[in-house]
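> predicted model, plus sequence, below.
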Amino acid sequence: MATVHVTRHANDHRLFLKLAIAMALVIVLGFSTQLAMGRSSFSAPVMVHVHAVAFFGWTVLFVVQTALVGSEARQLHRRLGWVGAGWAAAVVAIGLYTTVMMVRRGGAPFFFTPAYFLFMNSLFVLGFGGLTAAAIVQRRNTSWHRRLMICGMAILTGPAFGRLLPLPLMIPWAGWGVFVAVMLFPLAGMIGDLRRVGRIHPAWWWGAGTIAVIQAAVGPIAASPPGIALYDRVVAGGRGETVAPLAYPPFPPM
């Protein structure tokens, strides 16, 4: 019986480590491709660079933590976990600030309406924070903790997929295209559970369900009177004030 438990734990660890590395590779590929194609530059506002450092730092920490939990360095994993909790909170705060800054500057990507972009980014970064916080609360319940962390991290692959997918060709379904790509990671976890133990752990349903609920809510909230009122407050006094919240920005010049 003990042998079965150890084998199952080892199989779980291999799955989670593969998912963590795959998510990190998607993020690196998405943003490095953007830089190589000249769509990103180091002339962006300082806060964008701060956001990038926090984002990539969290990604590295996530992979390291996932690797540590399968080794003998459990104590180091626990210590770094509290660093990670603070880092995750910083990712949420910086993500919200950067989103607001971009919308105020009239800098929403042209394949999203500005209001949709504001609520999509904001709600999903809050979703990341919520799933990560839930995982921390469940840190002594390893099966829940690891799966909720994977679901939270999957959310952060959204911006990278946004740079890899042909989103201009997917208007007005660009947001849903990113959502489908993000959901590949929880889906892989579910399939892994079915193959190893014959059932899907409920943590996957909670994590994937959270992502799905957020995605379904973004459009209606962005187009609602309260959503437009909040958008107007966010852009008041900025260049975004002159941009129609529910109209797609013009395509950039070739």
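That came through, no problem.
> and for residue 159, nearest residue in space, chain neighbours not counted?
Distances taken as Cβ to Cβ, 6 or more residues apart in numbering place residue 30 nearest to residue 159, at 7.1 Å, with adjacent residues excluded. (C-beta placed from N, C-alpha, C; glycine too.)
> got the contact list for that neighbour?
Residues near residue 30 by Cβ atoms under 8 Å, 6 or more residues apart in numbering: 157, 159-164.
> do the same with residue 170
With contacts defined as Cβ under 8 Å, 6+ apart, the neighbours of residue 170 are 111, 177.
> if you set the cut-off to 7 Å instead, what comes out?
In this structure, residue 170 makes contact with residue 177, judged by Cβ atoms under 7 Å, 6 or more residues apart in numbering.
> report the separation between residue 87 and residue 54.
According to Cβ to Cβ, to the nearest Å, residue 87 stands 7 Å off from residue 54.
> let me fix that, I meant to ask about residue 144.
Here the criterion is Cβ to Cβ. By it, residue 144 lies 26 Å from residue 54.
> ok, then the element right after the strand or helix carrying residue 216?
Element membership for residue 216, per DSSP states H and E: helix 202-223. Using DSSP H and E, the helix or strand that follows helix 202-223 towards the C-terminus is helix 225-235.
> which other residues reach that following helix?
Residues contacting helix 225-235 (Cβ under 7 Å, 6+ apart): 100, 103-104, 115, 118-119, 221, 241, 245.
> likewise stretch 141-155?
Applying Cβ under 7 Å, 6+ apart, the contact partners of stretch 141-155 are 16, 19, 23, 62, 124, 127-128, 131-132, 134-135, 138-139, 182, 185-186, 189, 201, 203-204, 207-208, 210-211.
> and stretch 61-76, by the same measure?
13, 16-17, 20-21, 24, 77, 80-81, 84, 87, 153.
> circling back to that earlier point, on the three-state scheme, the residue nearest to residue 159 is what?
helix (DSSP: H, G, I helix; E, B strand; the rest coil).
> show me what the strand or helix carrying residue 175 is packed against.
Element membership of residue 175, judged by DSSP H and E, is helix 174-182. Contact here means 3 or more Cβ pairs under 7 Å, 6 or more residues apart in numbering; DSSP states H and E; on that basis helix 174-182 packs against helix 158-164, helix 202-223.
> list the buried residues of it.
Residues of helix 174-182 classed as buried: 174-175, 177-179, 181-182 (neighbour count, 16 or more other Cβ atoms under 10 Å).
> how about those in a markdown table, adding distance to residue 197 and pLDDT?
Formatted as a markdown table, the buried residues of helix 174-182 follow (distance: Cβ to Cβ, whole Å; pLDDT from 0 to 100):
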| residue | distance to residue 197 | pLDDT |
| --- | --- | --- |
| 174 | 36 | 97 |
| 175 | 34 | 97 |
| 177 | 32 | 97 |
| 178 | 30 | 98 |
| 179 | 27 | 98 |
| 181 | 26 | 98 |
| 182 | 24 | 98 |
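> buried ones in the helix holding residue 216, by neighbour count?
Under the neighbour-count criterion of 16+ other Cβ under 10 Å, helix 202-223 has 203-204, 207-208, 210-211, 214-215, 218-219, 221-222 buried.
> so which of those is the closest to residue 194?
residue 204 (10.2 Å; Cβ to Cβ).
> so how far is residue 26 from the most centrally placed residue in the chain?
For the chain, the residue sitting closest to the mean C-alpha position, by Cα atoms, centre = their mean, is residue 156 at 1.9 Å. Distance, residue 156 to residue 26, by Cβ to Cβ: 10 Å.
> perfect, that will be all.
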